[in-house]
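S.K.: after the sequence you'll find the predicted model.
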Amino acid sequence: MLNSKGFDEWAAGYDASVRHSHDAGEYPFAGYDAVLSLIEARVNSRPGADVLDLGFGTGMLTARLYAAGHPVAGVDFSQNMLDAARTKMPCAELYLYDFTRGLPPALEGRTFDFIISTYAFHHVPDAGKPAFLLELSRRLSPGGECLIGDVAFETQAELDACHAAAGTAWDCGEDYAVAQLLAGALPSLRLSFARLSHCAGVLSIGRHDSPQPV
């Protein structure tokens, strides 16, 4: 798994390498377009909803939401990724910070209609995922929703099958989410999973005591 320096070095070629993997239908980015499109459609179903993006990278999705008129805040730990995203979203609220350690102090007390993350949740260690999602749920406005798109699976068996098929391409340093395990660990939250390729999907998380999103 890359650190912030690794992502700084990858920033210039990131979009092209994602496209190559997606177009070839290969792990890890098979289904990338479908993941982004599902999250984009969900957010756009609530015009003007405010969005927090964790690990926004080059701003591939965030810039589309910004262009659609959503107030956008974002957190990323790579300066070069942030700089690339800034060119697409000059007025967005972007913070250089490692979200796996929490949210930046500037966002203390803020809530959001949507908290989204694409291809970054695997940076959160498996043992810390339930607590991390629980904390994000507290940052949701009434009726709010967390949408997490990533290499992710419904069951452990699906993850194991993908690992076997990927062979040496599999990144053993990344912790990919398993929806069934998370749902079992988080009975206080609503959690559903949409599988969009053999290696990707979108987790939707909300609070039981919050109105269903419209």
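M.R.: Everything's here; your move.

S.K.: burial measure for residue 117, as a count.
M.R.: Residue 117 has 25 neighbours, counted by other CB atoms under 10 Å. C-betas here are computed from N, CA, C, even on glycine.

S.K.: so what secondary structure elements neighbour the longest helix belonging to the chain?
M.R.: Using DSSP state H to define each element, the chain has its longest helix at helix 32-44. Packing partners of helix 32-44 (3 or more CB pairs under 8 Å, 6 or more residues apart in numbering; DSSP states H and E): helix 14-23, helix 62-67, strand 112-118, strand 140-150, strand 201-207.

S.K.: so it versus strand 112-118, what angle?
M.R.: Interaxial angle, helix 32-44 versus strand 112-118 (axes from the mean of the first three to the mean of the last three CA atoms, to 10 degrees): 180 degrees.

S.K.: tilt between helix 32-44 and strand 140-150?
M.R.: 170 degrees.

S.K.: buried stuff in the one helix or strand residue 161 maps to?
M.R.: Using DSSP states H and E, residue 161 sits in helix 156-166. Buried residues in helix 156-166, counting neighbours by 16 or more other CB atoms under 10 Å, are found at 158, 159, 162, 163, 166.

S.K.: surely the third one touches residue 30?
M.R.: No. Shown here, residue 162 and residue 30 do not form a contact pair, counting by CB atoms under 8 Å, at 9.7 Å.

S.K.: any common contacting residues for the two?
M.R.: 198, 199 (CB atoms under 8 Å, 6 or more residues apart in numbering).

S.K.: related to what we said a few turns ago, so which of the buried residues of helix 156-166 would you say is closest to residue 128?
M.R.: residue 159 (17.7 Å; CB to CB).

S.K.: quick revisit: out of the helices and strands packed on helix 32-44, deepest packed?
M.R.: Mean neighbour count, computed with mean count of other CB atoms under 10 Å, is highest for strand 112-118 among the helices and strands packed on helix 32-44, reaching a mean of 24.

S.K.: dump the helix or strand just after that one to CSV, restricted to CA.
M.R.: Proceeding N to C from strand 112-118, the next assigned helix or strand is helix 129-138, under DSSP H and E. Extracted in CSV, the C-alpha atoms of helix 129-138 (Å, rounded to 0.1, in the frame of the first residue of the first chain):
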residue,chain,number,x,y,z
LYS,A,129,-13.3,0.0,10.1
PRO,A,130,-16.3,-0.4,12.4
ALA,A,131,-15.3,2.5,14.7
PHE,A,132,-14.4,4.6,11.7
LEU,A,133,-17.8,4.1,10.1
LEU,A,134,-19.5,4.8,13.4
GLU,A,135,-17.7,8.1,13.8
LEU,A,136,-18.6,9.0,10.2
SER,A,137,-22.3,8.3,10.9
ARG,A,138,-22.2,10.9,13.7
